[in-house]
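Visitor: What follows is a predicted structure for the sequence shown.
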Amino acid sequence: MDEKKLQNIFYNTSYGKKILKCIQCGTCSASCPLTGLMEHGPRELFALIRDGDMELALRSETPWYCVSCYQCVVRCPQEIPVIDLMYCLKRMSREYDMVPVSHKIPDLYRAFSQAVDHHGRISEAMVMANYGILHPVDAFKNISMALELLKRKRLEFFPRQIIGRRWVAQLPAGEKVRKNT
Ligand code: SF4
Ligand code: SF4
């Protein structure tokens, strides 16, 4: 798909056109605690989108590092919903098969979604198991923490299911993330 079409799709999402109000002041990037890990800060990411460099924006690791801390949102002079835009980029990069392959966070998101699809709610044990299948070394490193949590009854080994789990499983991914946060 050409980049112009991807840009239009992005603009036509719920919050897409909000980045047209961005004045490129850089307050978001300066406020972000994860900027040091991101290949482009939020300001630069929005500039890429406005320039039509959609493939670069959708393949960027930046949205996957965002932890929804709201530092950028509360400081943006243009009240741009940075977090919603980050979620939008993540959804689009999954939909158009542009998830950065070297990044582990998309696998964690997938593990989270699988747990919610099965049980209608988050289950730490299942998230750890689903993620651990893909990244056994990481799982192994966290075993002592998991055992400690189990000992303190802070981790359910057998997850409980909610009554409406089939309804939750049918929700689009974006809605599901919002309803579980
Ligand atoms: S703080 Fe807001 S206006 Fe400034 S660069 Fe970031 S998104 Fe744009
Ligand atoms: S919400 Fe995301 S982009 Fe904004 S400051 Fe926090 S981590 Fe950075």
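Guide: Ah, there it is. Ligands and ions are numbered 1, 2, ... in the order given.
Visitor: tell me the domain ranges of the protein?
Guide: Domain assignment for the chain, taken from automatic domain parsing, gives 3-95, 105-173.
Visitor: will you turn the ones you listed into TSV that also has mean pLDDT?
Guide: Putting the domains of the chain into TSV (pLDDT from 0 to 100) gives the following:
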stretch	mean pLDDT
domain 3-95	95
domain 105-173	84
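Visitor: Output those domains in a markdown table; the columns should cover mean neighbour count.
Guide: The way it works is simple: take the backbone N, C-alpha and C, and place the C-beta from them, glycine included. Converted to a markdown table, these look like this (neighbours: other C-beta atoms under 10 Å):
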| stretch | mean neighbour count |
| --- | --- |
| domain 3-95 | 17 |
| domain 105-173 | 14 |
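Visitor: Looking at those domains, which is nearest to ligand 1?
Guide: Proximity to ligand 1 (C-beta to the nearest ligand atom) singles out domain 3-95 among the domains of the chain, at 3.2 Å.
Visitor: How far away from the center of its chain is the closest one?
Guide: Between the mean C-alpha location of domain 3-95 and the chain-wide mean there is a distance of 12 Å, by C-alpha atoms, centre = their mean, to the nearest Å.
Visitor: do that domain and ligand 2 meet?
Guide: Yes: judged by C-beta under 6 Å from any ligand atom, domain 3-95 and ligand 2 are in contact via 31-32, 34, 42, 66-72, 82-83.
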